[in-house]
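K.L.:
when you get a sec, could you give me coordinates for this:
(chains A and B)
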2 protein chains.
Amino acid sequence: MGSGEMRPADASGFQESGAEMKHSVSKKTCIPRRNEMVSIIQQVVGRVSRTEEVPFDQSLGYVCAEDVLAVNTLPNTPVSRFDGIAVRYADFEGGPPDTSAWTEGGDYEYANTGIALPDGYDTVIAIEDVIIGETGIRICELPEYQGEMVNPVGEHMRQGETLIPAGEMIVPAHIGLFAAGGVNRVRVYSRPRIGIIPTGDELIPPGCPLPLGKNVESNGYMIAAYMTEWGAQPVNYPIARDEPGELAQAVRLALDENDALVIIAGSSLGTKDFTLDILGEMGEVIVTELAHGPGRKSSLSILEGKAVLGVAGPPLGAQITCDLYLAPFVSALRGLPHRQMPKLDVISDDAYLPRRMDFCERAHIYHAEDGYHIRSAFAPKTTRAQMQALSQGNYYRPAGSSCEAGGRTTVELLCPIEMIPSRDKLLEVLGGVIEPYE
Amino acid sequence: MGSGEMRPADASGFQESGAEMKHSVSKKTCIPRRNEMVSIIQQVVGRVSRTEEVPFDQSLGYVCAEDVLAVNTLPNTPVSRFDGIAVRYADFEGGPPDTSAWTEGGDYEYANTGIALPDGYDTVIAIEDVIIGETGIRICELPEYQGEMVNPVGEHMRQGETLIPAGEMIVPAHIGLFAAGGVNRVRVYSRPRIGIIPTGDELIPPGCPLPLGKNVESNGYMIAAYMTEWGAQPVNYPIARDEPGELAQAVRLALDENDALVIIAGSSLGTKDFTLDILGEMGEVIVTELAHGPGRKSSLSILEGKAVLGVAGPPLGAQITCDLYLAPFVSALRGLPHRQMPKLDVISDDAYLPRRMDFCERAHIYHAEDGYHIRSAFAPKTTRAQMQALSQGNYYRPAGSSCEAGGRTTVELLCPIEMIPSRDKLLEVLGGVIEPYE
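P.N.:
Sure thing, here's the model as predicted:
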């Protein structure tokens, strides 16, 4: 992709090893609706091809770059499947043997689950089916075939067997498989390194005193946290001032040092929004804005073969852009399928009137006797913290759609369903957070 | 809890700061079914009370130990809500003004979203509703009240407001709130430190050559990975040999150094399973075994006020014990609600006959035109890797229940639903992993 000239690789090595961009996307800029935007991301953003080797017990959450093959065969000698006694099946072939004088170590041996069968024995009888006397034993359930209750060699794992194929994400069970399989190191795709560039003269970094008329740069930290959660490696850059040369330089630097970028800047009509002009000069702007709010002024570009997601600034819009697009952006860079948010059927306490454009409403969710309910988190005078408080849902509404108060609809769930509070709990927390403003 | 004598605190400090054990549990040992076991865990295992302070941008996933309050008020001066022009509402109070000679900097100023309103202005008109001429401007939509399209001081955040209450887990949006709110450090509950003690003479650590008749200790690494995923801090201990004194000493050491323990040892009838005896001598065994398979020989004890989960050894049972009980064990230590696995309605390809006891079947899931299907992952000759391959579900069946081939039932989903393969893909991977054994 990327219409910009390829720049020479620098010492960081990221220039060479960026994402494999796919080539099927239409190069026409467009203003997509939600599903179209996700599909554009999946078309133009490819897996980052850099790989590395990690110790098996530190490979959790990485995506395998190669099939991982077992070194060990397990069990490597027949083992007992249960706690019991090991016997020779030959003793039972002629019918029930006289066991009244059987001795441990002679005619039978104790056998424990997962433990190698003692030499010379081939079959196991569960301990529940044996009565051990002072002399001899009594067997209540006779074995029916040779090898009964024995795991043969290789039943659990065989040398050369694929423990996980390339392209799959490593979960805890795989870590156990690697240990058992004698796999000490695993070749994985490196976590995509994504630069985050905040922009705006009105912003100051967190931790500084806040002069009048200034705001704190907070989106970059939220976006970094999302990236961490989704398996990317965020790299926060300093705030770029509203000056075209400075922004271009910041983008160029971050582009060299990362696999992809997020620029926190709207693509709007304001006097100081020249971000798209700069991105267009350095590469190709594919999406100039979205056909829904909030976060409408988000964008997508390809610069020197690397994807750049523009996230519009107001925090709620930025958060929804993360939910909707940063998630598939990171998944695409990792070569993983896009993980949908779970859906929940709800009763709406508020009326939602038709809008001219698709809109993603933020909603509080609570549970009641008749099911789950939502109430708008957009109420006037709601602070950011109140909007965030407790459970949240995204209620994505196509243009023209509506929902009456008391009507049923479906929302996307942003938290585990167990976190959803009761109505009383929700109102207590919302009321308790802050007195209504003014 | 804990009938054992309290031992003096050692230098590690964990002795003093262990989990707050709750006191409502019945002290009678029991053999619980699934829901009963979860409820026992929730009754006897309490939140680990140790806290620490972390930088706000490294607090993702921790549970807050105190309400976090905003230091900043935002905006700290009125700001524009849209890109547009700032005007004085007084100019509009007598009806539409003549704007044909209005000048920038005199009668109006440009106003950008989120930027402080220029001094002397109080209202904003969206840029879309203004036509800027060579001389003067034309306003298409007049403002209706003073302060229209302006965010007043404190609308987004107010000093002293609760950004997140104590006891809630920090998600990316909170990291943004902390940055905006001027919160540099956050007091959180420390991640529960959980010691993992594998036991068994037949085991050798991973990475060593595998002598005949030996097996690799793999469960401890899988369990550590689960703990990491669920927000605990695992501490792997060396394999304890099957010798009562050695095991007791290993437990004593790990107990001093951790908030809770996992012992990988069954509570079965085998000759070498003395684990419960030792735990009983050192404290109180609450659950001696479970009323379901696999993983039936798992246990729960309280030693010196700290919870000890016994995980029976065979890997599949160990994995199911993690899914079912290590998850709520860790949640309880973190003071979080137990996160249920999502449920999925499926068609069963295999017949499941009634069993005398509850049983948790491991199932492959695939999608087809008529919906999601399961097929048993317990087929004879299935290796561990084949059982793990691709998507998985747990099909928990109460004693006596059955499902015919082609019948409908419900499973618990262990992977994101997007990871579920088509039938062809599943069969390809299962077939490709390994030739059938023998």
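K.L.:
now whichever strand in chain A runs longest: buried residues?
P.N.:
Criterion DSSP state E: the longest strand present in chain A is strand A:358-368. By 16 or more other C-beta atoms under 10 Å in any protein chain shown, the buried positions in strand A:358-368 come out as A:358-367. Every residue, glycine included, has its C-beta placed from N, CA and C.
K.L.:
same deal with stretch A:394-402?
P.N.:
A:394-397.
K.L.:
also stretch A:39-50?
P.N.:
Neighbour-count burial for stretch A:39-50, with 16+ other C-beta under 10 Å as criterion, is recorded at A:40-48, A:50.
K.L.:
closest to chain B among the residues you listed?
P.N.:
A:Q42 (12.0 Å; C-beta to the nearest C-beta).
K.L.:
so who does that closest one touch?
P.N.:
A:328, A:332, A:338 (C-beta atoms under 8 Å, 6 or more residues apart in numbering or on different chains).
K.L.:
check A:K343 too.
P.N.:
Going by C-beta under 8 Å, 6+ apart, A:K343 touches A:410-413.
K.L.:
what's around the residue lying closest to A:C30 once chain neighbours are set aside, how many residues?
P.N.:
Of all residues not flanking A:C30 in the chain, A:V287 sits nearest, at 6.3 Å (C-beta to C-beta, 6 or more residues apart in numbering or on different chains). By other C-beta atoms under 10 Å in any protein chain shown, 23 other residues sit near A:V287.
K.L.:
with A:N219 instead?
P.N.:
Residues lying near A:N219 (other C-beta under 10 Å) number 27.
K.L.:
before we move on, the earlier item: I'd like the buried residues of stretch A:39-50 as a markdown table, with secondary structure and distance to A:G266 appended.
P.N.:
Listed next are the buried residues of stretch A:39-50 as a markdown table, based on DSSP: H, G, I helix; E, B strand; the rest coil; distance: C-beta to C-beta, whole Å:
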| residue | secondary structure | distance to A:G266 |
| --- | --- | --- |
| A:I40 | helix | 19 |
| A:I41 | helix | 19 |
| A:Q42 | helix | 24 |
| A:Q43 | helix | 24 |
| A:V44 | helix | 21 |
| A:V45 | coil | 21 |
| A:G46 | coil | 26 |
| A:R47 | coil | 29 |
| A:V48 | strand | 27 |
| A:R50 | coil | 31 |
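K.L.:
tell me which of these is nearest to B:L344?
P.N.:
For the buried residues of stretch A:39-50, the residue nearest B:L344 by C-beta to C-beta is A:Q42; the value is 24.2 Å.
K.L.:
ok, residues contacting the helix or strand hosting A:E412?
P.N.:
Using DSSP states H and E, A:E412 falls within strand A:408-413. Defining contact as C-beta under 8 Å, 6+ apart, one finds that strand A:408-413 is touched by A:323, A:340-348, A:363, A:365, A:374, A:391, A:393-396, A:403.
K.L.:
out of these, name the ones that lie in helices.
P.N.:
Using DSSP state H, no member of the contacts of strand A:408-413 falls in helices.
K.L.:
tell me which residues of stretch A:188-205 come out buried.
P.N.:
For stretch A:188-205, burial by neighbour count (16+ other C-beta under 10 Å) applies to A:188-200, A:202-204.
K.L.:
and chain B, which of those reach it?
P.N.:
The subset of those within reach of chain B, by C-beta under 8 Å from any C-beta of the partner chain, is A:200, A:202.
K.L.:
tally of neighbours for A:G106?
P.N.:
The number of residues packed around A:G106, counting by other C-beta under 10 Å, is 8.
K.L.:
relative to chain B, how far out is it?
P.N.:
17 Å (C-beta to the nearest C-beta, to the nearest Å).
K.L.:
so where do the helices sit in chain A?
P.N.:
Using DSSP H, the helices of chain A run over A:34-44, A:90-93, A:172-181, A:219-229, A:244-257, A:275-282, A:315-321, A:327-334, A:384-388, A:423-433.
K.L.:
just name the most buried of the ones you listed.
P.N.:
Mean neighbours per residue, mean count of other C-beta atoms under 10 Å in any protein chain shown, is largest over these for helix A:172-181, with a mean of 27.
K.L.:
average pLDDT for that one?
P.N.:
The average pLDDT within helix A:172-181 is 96.
K.L.:
circling back: out of the buried residues of stretch A:39-50, who's nearest A:E144?
P.N.:
Nearest to A:E144, judged by C-beta to C-beta, of the buried residues of stretch A:39-50 is A:R47 at 52.4 Å.
K.L.:
sweet, I'm off.
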